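Undergrad: With the sequence up front, the predicted model follows.
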Amino acid sequence: MTLVKRNAVLFPAFPRLFDDFLTKDFFDWDMRNFSNTNTTIPAVNIVESHDRFAVEMAAPGMTKKDFQIELDHEVLKITSHKKTRDELKADDRYTRREFSYQSFERSFHLPKSVVDVSKIEANYENGVLRIAIPKREEAKTLPPRTITIK
């Protein structure tokens, strides 16, 4: 059994704008609603362990040259700008061509009292950007201690 949309048959004069208006969830304000090009801001995981924070950003299809990471005062900023442009041969002509341009910016506050900003490291592998942010010695969590009752 195949489901077929029939509203175009009933109201052929109405443009597809009404389809979008009736089917989109305009109250869903997560990150995918901020882009007109169907691109999204990459999802981020932040993991805290005893001695560091780890930021993992899912960004498949990119290269490490596509990222810029900078630390300005206590703000870690990750940005990316990527253009995709396929070159055509001299005898090719367009019937339709859509440029692809993706950019994003994510910022995170890193208090100097907690993190050692001089030892931050980043690498990009298999579509995931990983940033290791070590904690200062005095900010590391101490293991639980048993207190005896007297």
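TA: Sure thing, it's come through. Residues are numbered from 1 along each chain as shown.

Undergrad: contacting residues around residue 126?
TA: Applying C-beta atoms under 8 Å, 6 or more residues apart in numbering to residue 126 gives no contacts. Placement of C-beta: from N, CA and C, glycine included.

Undergrad: Downstream of the least confident helix or strand in the chain by mean pLDDT, the next helix or strand is which one?
TA: Using mean pLDDT, DSSP states H and E, the weakest-scoring helix or strand in the chain turns out to be helix 17-23, at a mean of 46. As assigned by DSSP states H and E, the chain's next helix or strand after helix 17-23 is strand 44-48.

Undergrad: Return the angle between stretch directions for the very next helix or strand once past that next one and strand 44-48.
TA: Downstream of strand 44-48, the first helix or strand assigned by DSSP H and E is strand 52-58. Here the directions of strand 52-58 and strand 44-48 differ by 160 degrees (axes from the mean of the first three to the mean of the last three C-alpha atoms, to 10 degrees).

Undergrad: Any chance you could list what contacts strand 52-58?
TA: In contact with strand 52-58 (C-beta under 8 Å, 6+ apart) are residues 42-48, 76, 78, 106, 108, 115, 127-135.

Undergrad: repeat that for 6 Å
TA: 42-47, 128-135 (C-beta atoms under 6 Å, 6 or more residues apart in numbering).

Undergrad: In PyMOL, how would I select just the buried ones from these?
TA: A single PyMOL command selects the buried members of those (16 or more other C-beta atoms under 10 Å):
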select buried, resi 42+129+131+133+134+135
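
Undergrad: Output the contacts of strand 52-58 as a markdown table; include the columns distance to residue 119.
TA: As requested, the contacts of strand 52-58 are exported to a markdown table (distance: C-beta to C-beta, whole Å):
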| residue | distance to residue 119 |
| --- | --- |
| 42 | 24 |
| 43 | 25 |
| 44 | 20 |
| 45 | 20 |
| 46 | 17 |
| 47 | 17 |
| 128 | 20 |
| 129 | 18 |
| 130 | 15 |
| 131 | 11 |
| 132 | 8 |
| 133 | 8 |
| 134 | 5 |
| 135 | 10 |
